[in-house]
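[1] sequence unknown, structure follows:
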């Protein structure tokens, strides 16, 4: 025979287990609506050349009256599977404070530090026969990780090597397929490179190694990201990264035309 107190405790435990079993799993926090205001850029040397893409992007956004905070996390020669996204997106970790003004420290609001993460794989990983499966798997896993933290995942389509133009369509197909499979937006930078070179072959978008971007290539990347992420034309923005006015204008137009034409 059960004592009354023990019977009550068992009944309470059974009711608690029943409630837990029937309760739906907690939904992940939703990414903030609207355009990105805090972006984590995850990639490799294609990002950090020319004093870093995210810096040029921030200045371009500022010229367009858009406030954005960006952090770049790059590993030389890395594939997307080299990065530990769960660690990078942990609350109150990376991005917890910023340096502003005269090198003063500003502590950002606690919790999630980024609303979007822009990800790029190594320059040939998405189309390499031994690495393309890892590319698709990394996009899937990282998209799930980002969304579980309430962060919007975004893909950065890289460009072809200068001496291998056939890579343009191969990379575009791979990034588009990965984006569609995971409901992830794609910034079509590789297609912007091809468009800009066709329109203005005199503008050098590559460093001497024919792989990494020149300053013009980095600027074109920033313009394309601005157009894709904000749905606004970069044409006419004052920030030119120190490039001649006609070069900056041509790259701004190529970026906007590419984003307008890209229909994945």
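    Cool, got the structure. These figures come from a predicted structure and were not determined experimentally. Numbers count the residues shown, from 1 in each chain.
[2] all contacts plus neighbour counts: C-alpha atoms, from now on.
    Fine.
[3] Can you name the residues that contact the residue sitting nearest the centre point of the chain?
    Geometric centre of the chain, nearest residue: residue 118, 0.5 Å, by C-alpha atoms, centre = their mean. Counting by C-alpha atoms under 8 Å, 6 or more residues apart in numbering, residue 118 touches 39, 40, 41, 42, 153, 154, 155, 156.
[4] again with residue 131
    The contact partners of residue 131, taken as C-alpha under 8 Å, 6+ apart, are residue 125.
[5] do you know how far it is from residue 158?
    According to C-alpha to C-alpha, to the nearest Å, residue 131 and residue 158 sit 16 Å apart.
[6] What average pLDDT does stretch 50-58 get?
    Per-region confidence: stretch 50-58 scores 98 on mean pLDDT.
[7] May I see the buried residues of that stretch?
    Buried residues in stretch 50-58, counted by 16 or more other C-alpha atoms under 10 Å: 50, 52, 53, 54, 55, 56, 57, 58.
[8] and the residue lying closest to the fifth one once chain neighbours are set aside, what helix or strand is that in?
    With sequence-adjacent residues excluded and distances taken as C-alpha to C-alpha, 6 or more residues apart in numbering, residue 55 is closest to residue 70, at 7.8 Å. Taking DSSP states H and E as the definition, one finds residue 70 inside strand 69-74.
[9] how far does that strand sit from the chain's center?
    Distance of strand 69-74 from the chain centroid (C-alpha atoms, centre = their mean, to the nearest Å) equals 10 Å.
[10] swap in stretch 111-129?
    Counting by C-alpha atoms, centre = their mean, stretch 111-129 comes out at 6 Å from the chain centroid.
[11] so how far does it reach from one end to the other?
    Start and end residues of stretch 111-129 are separated by 40 Å (C-alpha to C-alpha).
[12] pLDDT on it, on average?
    96.
[13] which stretches of the stretch 51-200 of the chain form helices?
    Taking DSSP state H, counting those that start in this stretch, the helices of the stretch 51-200 of the chain run over residues 53-63, 85-88, 132-148, 167-182, 189-199.
[14] okay, those helices in JSON lines with distance to residue 232 next?
    What follows is the helices of the stretch 51-200 of the chain, written out as JSON lines (distance: least, C-alpha to C-alpha, whole Å):
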{"stretch": "helix 53-63", "distance to residue 232": "10"}
{"stretch": "helix 85-88", "distance to residue 232": "29"}
{"stretch": "helix 132-148", "distance to residue 232": "25"}
{"stretch": "helix 167-182", "distance to residue 232": "21"}
{"stretch": "helix 189-199", "distance to residue 232": "16"}
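[15] does residue 239 count as helix, strand or coil?
    coil (DSSP: H, G, I helix; E, B strand; the rest coil).
[16] I'd say it and residue 65 touch.
    No: using C-alpha atoms under 8 Å, residue 239 is not in contact with residue 65; the gap is 11.5 Å.
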